[in-house]
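Student: This is a predicted model, with the sequence first.
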2 protein chains.
Amino acid sequence: MDRGPFTLTTLGTGAALPARGRYPTSQILDVHGMLHLIDCGEGTQERMRGAGISFQRIAHVHISHMHGDHYLGLMGLISSMHLMGRRKELFVHGPKELKEVVDIQLRASGTYLRYPLRFRSLPHVNGHVVHADEHVTVTTLALKHRIPCTGFLFKESVGLRGLRREQLHRIPQFKRAAVKAGHDLEFPDGARIPNAELTLDPESPRSYAYCSDTAYEPDLVPHLEGVDLLYHEATFTEAMAGRAKETYHSTAADAARIAAAAGVGRLLLGHFSSRYKSPDPLLTEALGIFPRTVLSHEGGVFPVRTRDGA
Amino acid sequence: MDRGPFTLTTLGTGAALPARGRYPTSQILDVHGMLHLIDCGEGTQERMRGAGISFQRIAHVHISHMHGDHYLGLMGLISSMHLMGRRKELFVHGPKELKEVVDIQLRASGTYLRYPLRFRSLPHVNGHVVHADEHVTVTTLALKHRIPCTGFLFKESVGLRGLRREQLHRIPQFKRAAVKAGHDLEFPDGARIPNAELTLDPESPRSYAYCSDTAYEPDLVPHLEGVDLLYHEATFTEAMAGRAKETYHSTAADAARIAAAAGVGRLLLGHFSSRYKSPDPLLTEALGIFPRTVLSHEGGVFPVRTRDGA
């Protein structure tokens, strides 16, 4: 069955002080053509231009926390959207302080946005519904960082059932929506065709979880169970476990342990400390614990696939 | 006579929506080895890395106004300086709203800077002394923009007089400072050697004026008279004079008229609208009015020279 994209693009993989060639955290999740921007470090606009991503297709922005490497690019993006003539509303989900920071800067610059900016402040809990539409439901993950930090779980909506091509002639046009929704087909004379005869299972919904920045936090595991793609920060290797603990960050091994315990499809690493000129040692460390691990990179594109490869 | 550098590096030449390859406004003025950062658009840190400029050598930051393309890179720079272990104080001169914007973000990120951040708010007047030391005096220029916008005039301090090598034997060691400062040499017996016999004139001080962003503002002319290098924004050509007026920006001809009226040494253009893929039409227009005009470019280095070429 044809379905829309559910594809992640990683725009930046650096930590607070990015190494040369790395940029601060920012990702784009394309859900059936609607773009979700996840974190927005300084220079995200430029990274998006480089990746050929149109700003105006972004419908939702999700900001995890108020460390600069995760949000400092937002103000410029909001302003560019305005200057480029945006009229369509933009939803921004983030810590309540983010709204203050944006408002004070709009005021100081004398900017009156020509599009509605809908700000939704995030509670620091697991499972709060950030957004839901016919394509996706976004919920929060309570990460463990020096300041409140929220991850995001994107679950594709369960699709409608597919009509079996060879059965189409038996289903009156006005009954098709009900059948796709899983109802049996009933006739005025009491006859009934069971739904299973007429339809195919919908494709499995895909899911993506974003965990950045966080110390090792096993409480997340039940919320990440069976996720198809897990992005988990991996700032350090185990050799720097003390520094990781001190700064509320994870080692690559920590990330892999979370991935293994939650039985995710694939693990994607990012947020690499500038001390690692190459992120290979982080990958090697994680692979020893969780084999289905990959590294994010600037401009990397990762189509989310279900466990059965759909 | 050997004297320190007085050299401008232009890091970005774009306007609010930079064209590909252009970056928002930011400049570095190296005054005898002490760096002044003038405006700091998003991505300035990266531009500085590219130009091999050490963040920690920056002693003063001057922010002209609260439009994002002139200050959005500051917060990240302040944070990077902190993460890189800065202990030396940093002076930030800018609109009073800038302090609020910085403070609220330091608070939201739970950052306690390890170095003193000295904020000085700028009045919107001509001639207010922003900073003065043995190398330079920085004063304000009241530009004319949609929101209060301040330019900066950097005047090298007049140097001490040079001692004539062949006269050195006549000047007791303990009298040299007084002679360099211009005093005649007096002896206890009442004898006196006139200063002019012992010393050479100090070199002419160099000066640099920064005017961005501003509508055509002839009131600036008396404050710019005889400046060695004038940076003046040139967002549009005359064909867009209406748009320039509406947005409180200048055309290249406006910039050239100001330069001609003030009799400056050289005119440097920047802040080019993204509609000009190449800034050549802006240069051509200015050259017709003021022949000593040059274009700024990303990473451009412009040693400031006095009119007599020193």
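Tutor: Received, thanks.

Student: how about the residues of chain A that lie near chain B?
Tutor: Contact residues (Cβ under 8 Å from any Cβ of the partner chain) of chain A with chain B: A:16-17, A:20, A:42-43, A:45-46, A:49, A:66-69, A:72-73, A:75-76, A:79-80, A:83-84, A:95, A:97-98, A:100-101, A:104-105, A:107-110, A:146-147. (C-beta placed from N, C-alpha, C; glycine too.)

Student: just checking, what packs against the helix or strand containing A:Ser80?
Tutor: Taking DSSP states H and E as the criterion, A:Ser80 maps to helix A:74-83. When contacts are defined as 3 or more Cβ pairs under 8 Å, 6 or more residues apart in numbering or on different chains; DSSP states H and E, helix A:74-83 sits against strand A:34-40, helix A:44-50, strand A:58-62, strand A:90-94, helix A:96-108, helix B:68-71.

Student: Same list, the ones you listed, but as CSV with distance to B:Ala239 please.
Tutor: What follows is those, written out as CSV (distance: least, Cβ to Cβ, whole Å):
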stretch, distance to B:Ala239
strand A:34-40, 36
helix A:44-50, 27
strand A:58-62, 34
strand A:90-94, 34
helix A:96-108, 31
helix B:68-71, 23
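
Student: hey, where'd the helices end up in the stretch 201-310 of chain A?
Tutor: Ranges of helices within the stretch 201-310 of chain A are A:221-224, A:241-246, A:252-262, A:280-287, based on DSSP state H, counting those that start in this stretch.

Student: Can you tell me which of these is packed in deepest?
Tutor: helix A:252-262 (a mean of 24; mean count of other Cβ atoms under 10 Å in any protein chain shown).

Student: Send me that one as PDB with only the CA atoms.
Tutor: Output of helix A:252-262 as PDB, limited to C-alpha atoms (Å, rounded to 0.1, in the frame of the first residue of the first chain):
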ATOM      1  CA  ALA A 252      27.200   5.800  23.900                       C
ATOM      2  CA  ALA A 253      26.900   2.700  26.100                       C
ATOM      3  CA  ASP A 254      24.100   4.300  28.100                       C
ATOM      4  CA  ALA A 255      22.200   5.000  24.900                       C
ATOM      5  CA  ALA A 256      22.700   1.400  23.700                       C
ATOM      6  CA  ARG A 257      21.600   0.000  27.100                       C
ATOM      7  CA  ILE A 258      18.300   2.000  26.800                       C
ATOM      8  CA  ALA A 259      17.800   0.800  23.200                       C
ATOM      9  CA  ALA A 260      18.400  -2.800  24.200                       C
ATOM     10  CA  ALA A 261      16.100  -2.700  27.200                       C
ATOM     11  CA  ALA A 262      13.300  -1.100  25.100                       C
END
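
Student: just to revisit the earlier point, can you put the helices of the stretch 201-310 of chain A in JSON lines and add mean pLDDT and distance to A:Arg165?
Tutor: Shown next, in JSON lines, are the helices of the stretch 201-310 of chain A (pLDDT from 0 to 100; distance: least, Cβ to Cβ, whole Å):
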{"stretch": "helix A:221-224", "mean pLDDT": "98", "distance to A:Arg165": "37"}
{"stretch": "helix A:241-246", "mean pLDDT": "97", "distance to A:Arg165": "54"}
{"stretch": "helix A:252-262", "mean pLDDT": "98", "distance to A:Arg165": "38"}
{"stretch": "helix A:280-287", "mean pLDDT": "98", "distance to A:Arg165": "43"}
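
Student: So A:Ala15 versus B:Leu83, what's the distance?
Tutor: 10 Å (Cβ to Cβ, to the nearest Å).

Student: Could you check which of the two is surrounded by more residues?
Tutor: More neighbours surround A:Ala15 than the other of A:Ala15 and B:Leu83, with 27 against 16 (other Cβ atoms under 10 Å in any protein chain shown).

Student: Quick check: pLDDT value at the more buried one.
Tutor: With respect to pLDDT, A:Ala15 has a value of 93.

Student: again, but for the one 5 residues further on
Tutor: Looking at A:Arg20, its pLDDT reads 82.

Student: quick one: it and B:Gly52, what's the gap?
Tutor: 12 Å.

Student: Please identify every residue contacting each of those two.
Tutor: Counting by Cβ atoms under 8 Å, 6 or more residues apart in numbering or on different chains, no residue touches both A:Arg20 and B:Gly52.

Student: which sections of chain A are below the confidence cut-off?
Tutor: A:1-2, A:308-310 (pLDDT under 70).

Student: domain ranges for it?
Tutor: Per the record, chain A has its domains at A:6-159+A:203-303, A:162-199, by automatic domain parsing.

Student: Checking the residue located most distally from the centre of chain A next. Helix, strand or coil?
Tutor: For chain A, the largest distance from the centre (Cα atoms, centre = their mean) belongs to A:Asp189, which lies 49.0 Å off. State at A:Asp189, reduced to three classes by DSSP: H, G, I helix; E, B strand; the rest coil: coil.

Student: For chain B, see how far away it is.
Tutor: 66 Å (Cβ to the nearest Cβ, to the nearest Å).

Student: And A:Ser250, by the same measure?
Tutor: Counting by Cβ to the nearest Cβ, the gap from A:Ser250 to chain B is 19 Å.

Student: That residue contacts A:Tyr231, correct?
Tutor: No: with contacts counted by Cβ atoms under 8 Å, A:Ser250 stays clear of A:Tyr231, the gap being 11.7 Å.

Student: Just want the residue of the stretch 201-310 of chain A that's nearest chain B.
Tutor: Among the residues of the stretch 201-310 of chain A, A:Ser274 lies closest to chain B, at 9.6 Å counting by Cβ to the nearest Cβ.

Student: And for the stretch 101-250 of chain A?
Tutor: Closest approach between the stretch 101-250 of chain A and chain B, counting by Cβ to the nearest Cβ: A:Ala108, at 3.8 Å.

Student: Count the neighbours of the closest residue in space to A:Thr199 that isn't next to it in sequence for me.
Tutor: Once flanking residues are discounted, A:Thr199 sits nearest to A:Arg161: 3.9 Å by Cβ to Cβ, 6 or more residues apart in numbering or on different chains. Using other Cβ under 10 Å, A:Arg161 has 18 neighbouring residues.

Student: Now A:Arg161: phi and psi?
Tutor: Dihedral pair for A:Arg161: phi -70, psi 150, per degrees, to the nearest 10.

Student: So it sits against A:Ala196, correct?
Tutor: No: here A:Arg161 does not reach A:Ala196: they are 9.3 Å apart, not a contact under Cβ under 8 Å.

Student: ok, A:Glu225 to A:Lys155 distance?
Tutor: From A:Glu225 to A:Lys155 the distance is 12 Å (Cβ to Cβ).

Student: Looking at these two, which has the bigger crowd around it?
Tutor: A:Lys155 (17 against 11).

Student: what's across from that one in the sheet?
Tutor: A:Lys155 forms beta bridges with A:Thr137, A:Ser207, as assigned by DSSP bridges.

Student: list the contacts for it?
Tutor: So A:Lys155 contacts A:136-139, A:205, A:207 (Cβ under 8 Å, 6+ apart).

Student: try 7 Å this time
Tutor: Residues in contact with A:Lys155 (Cβ atoms under 7 Å, 6 or more residues apart in numbering or on different chains) are A:136-137, A:205, A:207.

Student: Pull stretch A:144-151 out as PDB, backbone CA atoms only.
Tutor: Extracted in PDB, the C-alpha atoms of stretch A:144-151 (Å, rounded to 0.1, in the frame of the first residue of the first chain):
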ATOM      1  CA  LYS A 144      16.800  13.800  32.900                       C
ATOM      2  CA  HIS A 145      19.000  16.800  32.400                       C
ATOM      3  CA  ARG A 146      20.400  19.700  34.400                       C
ATOM      4  CA  ILE A 147      17.400  21.800  33.500                       C
ATOM      5  CA  PRO A 148      13.900  20.400  32.500                       C
ATOM      6  CA  CYS A 149      14.300  18.700  29.200                       C
ATOM      7  CA  THR A 150      11.600  17.000  27.200                       C
ATOM      8  CA  GLY A 151      11.900  14.300  24.500                       C
END
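
Student: can you give me the offset of that stretch from its chain's centre?
Tutor: Between the centre of stretch A:144-151 and the centre of its chain there are 16 Å (Cα atoms, centre = their mean, to the nearest Å).
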